[in-house]
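# Quick one: sequence plus predicted model below, questions after.
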Amino acid sequence: THHTHTHRAAPPKVSSSVEKTQRVGPMMGYTFAACVALAALCTAHGVNGAGLGLDGATDGGQINNPHPVDGALGSTLGSTAERATARPSASASSSVPRPRAATVKVWHLTDVHVDPYYVTGADASRCYCETNVSCPRMGSECPASPAPPSFQAGQFGNSEGNCATPPATFTSALRFMASQAGEATAVYFTGDFAEAGATAPCSGSAQSTAQQQILDVIAFDVRLVRAALPTASVFGSLGNHDSVPGDVFHSADEGQAWLYNNLSDATWRPELVHDAAALATLRRGGYYAVRPDGMPGLSLISLNVNYWVVMNEDATSPTSGAFAEGQAQFVWLEAQLSAAESNGDHVHILGHQTPGDVGGAAWVSGFWYRYAALVERYNATIQGQFYGHVHVDEFAITRSCSKADPNASYVETTGIKWCSGGGDYAPGNVFGAGVDGVCPVIPTAWSTDRGVTACEAVCNNESTCLGFTMYFNVSDTGGNTDCCFRTGRTSYKPPDPTSTARCYEKPANGTCAGNPTGVILPGPSLTQGYPATNPSVRLLEFDATTYALVDVQTFVADLHAGNQGGELEWRLEYSHRERFGMSDLSPAGFAAVVAAMAANDSAVWDPYMGQGDGSLYCGAYTSDGAPFPPKNPCTECPSGPCKDAAIRRLNGTNILS
């Protein structure tokens, strides 16, 4: 049975008032300028201290402002620099030890993408729900006057446009989380705190920078979570939008210190202040390991996956500091897992980008194999892997790995838009038939098969070569066949039926498609436009001794109904254990669910991703009440190739190593 919860179902401290918005000229919109951090937060808008349960609450430190910034964000937060004090443990208020619970509960938040410049009534179809008043960089096409009615941004967001999350939705979610019975021990916050890593700030002030804007939003998010859930520790990992520019993470020495120094000195310090080693790696590379208060016997490892993915171009260059930091993180990760095993600890891993061909992000060649091999080796120690990034409700099983067969054939694909990414390998005039450096020309007398064999031999002689593309009838070389060598891999290859090119991928480090060893569980996102979904939060329940998953409960709010009625009503969408009939949430249990989903006319698949409107995969999003068709529809797959690809993604058998 699904139970409906609203903002009003709350402890005595929680306000029963419906969220309000402030009228801005002819428009309505939340602004951060009217908000004051902590107890007085957002009083002017009804998003007040009482409404969040913040009256009298603190976040463990005094707020000061050594780096003042004006504009909306600066006046809200004062500063991202908190006093470096430890967070009190859940039992700090009592000298009487409490009996250990049979289970431990942890909230999972991800991809909140809070936008302090969101304006209710702004154009949701092309202006990111902002105006040139709330964010001057939006320009004259986004004026501070109401958009046409069907395109106006709703009070709580817009699933159909390209908008991030208004503070109203974030605070609504926190009020709901605070209202639930029982105390959560921790919050896992797996990245993309901020709207986006724009290269210019919204404020036009000379004191405001894009970097400071990111720091302020991260601090705002964490501060509100701590205030709403004062007995829970907050542990974060960094997403690709938590940097400037977005997706780009340099090494600390090459330009990322502005972010890591702040996290270690201020925003994330309260939970880590007792662990010098955790603060040291956070300052160096944005990752850390810690033994959380209230969770004895658990080691929590927070990864900076931005050093392992191709969307961070720095991470693909062997000469960059980012590449070196990615390698160092692997060495560090293995040491942490080994130490946990030796100490008899269990491990939870936090990260952001999941690997995958569609929902996730391509990892640098060889990195996924290396990660999956570590999960296989320490599968008895690792009890959970919690990620984000995908914005939908899915998972991926990690599997045992096999080493590469040196005699394995190259993988051939055709009819796609592009074959591979990264840089180019220029072997020179290797065929004796003319050369343009990167794409040697195949002798005209050779058959295609002979050309393929010759290109494979060239690629095999260079460790950085990961594949090649054969282009036929190339006009630049007189209608000959060219063989273009690549040093990068692209896991997502858009179809192009008109393409005659042939793509050949070198056999990688082996395959990781054996027995289940673990489960990567990305939380569905709070933001709701990439793709069109409803906002979601998730409650994880663990065995208090082994820290294995006991259940996962996902809560959603109908955004269309909330915008129409002026209040978001949060409800339990489903329990993994109940919906999927799981006796346990082990890797084998998830594999059994995927097997049931894969069957024809599967009763498990249909509500998950095959029934159309209202699927679990899309956060129960339906087109009912939609103001306009979604710019980014949430894919649903009743059957056929689309379902087959989704099953491979869930099964973890599609991931390039």
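Nice, thanks for sending it over.
# all contacts plus neighbour counts: C-alpha atoms, from now on.
OK.
# For Ser299, give me its contacts.
Ala289, Val290, Arg291, Pro292, Ala340, Asp345, His346, Val347, His348 (CA atoms under 8 Å, 6 or more residues apart in numbering).
# Most neighbours among those, which one?
Val347 (28 neighbours; other CA atoms under 10 Å).
# ok, that residue touching Phe386?
No: between Val347 and Phe386 there is no contact under CA atoms under 8 Å: 11.2 Å.
# For the stretch 101-250 of the chain, just list every one of the helices.
167-179, 210-228 (DSSP state H, counting those that start in this stretch).
# How about stretch 298-310, which residues are buried there?
298-310 (16 or more other CA atoms under 10 Å).
# what's the closest of the helices of the stretch 101-250 of the chain to Ala408?
Taking CA to CA, helix 210-228 is the member of the helices of the stretch 101-250 of the chain nearest to Ala408, at 46.2 Å.
# picking that back up, just flag the most distant two among the contacts of Ser299.
Among these, Pro292 and Ala340 lie farthest apart (CA to CA), at 13.4 Å.
# what comes up buried for stretch 327-345?
Gln327, Gln329, Phe330, Trp332, Leu333, Glu334, Gln336, Leu337, Ser338, Ala340, Glu341, Asp345.
# could you dump that stretch to CSV, C-alpha only?
Extracted in CSV, the C-alpha atoms of stretch 327-345 (Å, rounded to 0.1, in the frame of the first residue of the first chain):
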residue,chain,number,x,y,z
GLN,A,327,45.6,7.2,-11.2
ALA,A,328,46.4,8.2,-7.7
GLN,A,329,42.8,7.9,-6.7
PHE,A,330,42.8,4.2,-7.8
VAL,A,331,45.9,3.5,-5.8
TRP,A,332,44.3,5.2,-2.8
LEU,A,333,41.0,3.4,-3.3
GLU,A,334,42.7,0.0,-3.3
ALA,A,335,44.6,0.9,-0.1
GLN,A,336,41.3,2.0,1.6
LEU,A,337,39.6,-1.2,0.6
SER,A,338,42.5,-3.3,1.8
ALA,A,339,42.6,-1.5,5.2
ALA,A,340,38.8,-1.9,5.6
GLU,A,341,39.1,-5.6,4.9
SER,A,342,41.9,-5.9,7.4
ASN,A,343,40.0,-4.0,10.1
GLY,A,344,36.8,-6.1,9.5
ASP,A,345,34.9,-3.0,8.4
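# Average pLDDT for that stretch, rounded please.
The average pLDDT within stretch 327-345 is 96.
# Tell me how far that stretch lies from the chain's centre.
With CA atoms, centre = their mean, to the nearest Å as the basis, stretch 327-345 stands 23 Å off its chain's centre.
# hmm, who's touching it?
Where contact means CA under 8 Å, 6+ apart, the residues beyond stretch 327-345 that reach it are Ala289, Gly297, Leu298, Ser299, Ile301, Leu303, His346, Val347, Tyr371, Leu374, Tyr378, Thr381.
# Give me the nearest residue to Ala147, chain neighbours excluded.
Asp123 (5.0 Å; CA to CA, 6 or more residues apart in numbering).
# The contacts of Ser299 in strands, which ones?
Mapping the contacts of Ser299 onto strands (DSSP state E) picks out Ala289, Val290, His346, Val347, His348.
# I'd like a version of the residues you listed in a markdown table, one that adds distance to Glu412 as further columns.
Listed next are those as a markdown table, based on distance: CA to CA, whole Å:
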| residue | distance to Glu412 |
| --- | --- |
| Ala289 | 41 |
| Val290 | 44 |
| His346 | 41 |
| Val347 | 39 |
| His348 | 37 |
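# Val593: which of those is nearest?
His348 (22.2 Å).
# Tell me which stretches of the stretch 101-250 of the chain form strands.
103-109, 186-189, 233-236 (DSSP state E, counting those that start in this stretch).
# Looking at the buried residues of stretch 298-310, which is nearest Pro245?
Asn306 (12.6 Å).
# how near is that closest one to His250?
For Asn306, the distance to His250 equals 9 Å [CA to CA, to the nearest Å].
# Quick test: name the residue nearest the centre of the chain.
His389 (2.3 Å; CA atoms, centre = their mean).
# Tell me who's in contact with that residue.
Thr110, Asp111, Gly191, Asp192, Gly239, His352, Gln353, Thr354, Gly360, Pro522, Ser525.
# List phi and psi for it.
Dihedral angles of His389 (phi, psi; degrees, to the nearest 10) stand at phi 80, psi -40.
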